[in-house]
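Visitor: next input, structure requested:
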Amino acid sequence: MFFAWRGKGANHLLTHIDYAALRRDPKIVMGLSDPSAIINAITKMSGIVTFHGPTGVNFANPDGLAEFTETAFRNAIFGTTYPAGVPRYSSWQVLRPGEASGPLVGGHLSTVQTLLGSVYEPNWDGAIFFWEEVGRASRAIDLSLWQFRLNGVFDQISGMVVGRPLECTDPAYDGGFDLLATIKNATSGYSFPILFNVDLGHADPKVTLPLGACGHLDLRDEADPQFTLIESGVV
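Guide: Now for the predicted structure:
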């Protein structure tokens, strides 16, 4: 089940989904951006793995999927050998070294933020929180991250993966806010490892990540960070 594109108002659908039916008869459900609300809600309420990855528009591109995107998608959906390293396109950067394992949760930052305090909020306990943003200034991202912090999310997660930022700089609005400094400041006082600049979400090309499946971060060697899927997202 693929979302055609992004989908404003995805949250409106959360109370109309038959989560019990999905639990009885699991489907592959994949999307990004606003549908981050739907895939997180399904994983939380149904207990099944969903996928953060390309949409119908990506598949319908006359030029086809980017080779990197297609390979990452096929490996996530059809791969049978695990553990499996998350493929790397852009250069990854370690913002905080360390090691972590846990279920993957996350998606589009400002969309996942709308789930906080609701029954659809992800289970953060021991999770690796991955997120990405597009078209939001660093100052706005700062506000979002601090809401996660003040809601106790950072007290529970084991690691963080930040997607390659797209159009996230607005000198007229940022007032000196720098994205990397913003992330470090919002997570100050915590020891969980942070990996930055992974190609996911709105980035093109992009990886496909399974929400609810276990992942592993090994960022002890900052020159060669490792992000690994421990288990398959499909049965």
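
Visitor: how many other residues sit next to residue 191?
Guide: Residue 191 sits with 10 neighbouring residues when counted by other CB atoms under 10 Å. Placement of C-beta: from N, CA and C, glycine included.

Visitor: then residue 49?
Guide: 22.

Visitor: list phi and psi for residue 9.
Guide: Main-chain dihedrals, residue 9, degrees, to the nearest 10: phi 80, psi 20.

Visitor: does it touch residue 34 like I think?
Guide: Yes - proximity of residue 9 to residue 34 meets the contact threshold set by CB atoms under 8 Å, at 7.2 Å.

Visitor: and the helices in this structure?
Guide: 19-24, 36-46, 56-60, 67-78, 109-113, 138-150, 171-174, 179-186 (DSSP state H).

Visitor: what segments of this structure are strands?
Guide: 30-31, 50-52, 84-85, 93-96, 99-108, 128-132, 159-163, 194-198, 209-211, 214-218, 226-229 (DSSP state E).

Visitor: the more surrounded of residue 9 and residue 34?
Guide: Shown here are residue 9 and residue 34; by other CB under 10 Å, residue 34 has more neighbours (20 against 8).

Visitor: separation between the closest residue to that one other than its chain neighbours and residue 39?
Guide: Distance criterion CB to CB, 6 or more residues apart in numbering; nearest residue to residue 34, sequence neighbours excluded, is residue 10 at 4.1 Å. Distance, residue 10 to residue 39, using CB to CB, to the nearest Å: 9 Å.

Visitor: and these two? Which one has more around it.
Guide: Taking other CB under 10 Å, residue 10 and residue 39 do not tie; residue 39 has more neighbours (28 against 21).

Visitor: which stretches of the chain have low pLDDT?
Guide: Within the chain, the ranges that satisfy pLDDT under 70 run 5-7, 56, 58, 60, 64, 167-177, 235.

Visitor: check the gap between residue 189 and residue 155 for me.
Guide: 10 Å.

Visitor: cool, and residue 12?
Guide: 30 Å.

Visitor: and what of residue 218?
Guide: 23 Å.

Visitor: which one's more surrounded, those two?
Guide: Set side by side, residue 218 and residue 155 show more neighbours around residue 218, with 18 against 9, by other CB under 10 Å.

Visitor: which ones are touching the nearest residue to that one once chain neighbours are set aside?
Guide: Using CB to CB, 6+ apart and skipping residues adjacent in sequence, the residue nearest residue 218 is residue 226, 4.2 Å away. By CB atoms under 8 Å, 6 or more residues apart in numbering, the contact set of residue 226 is 85, 216-219.
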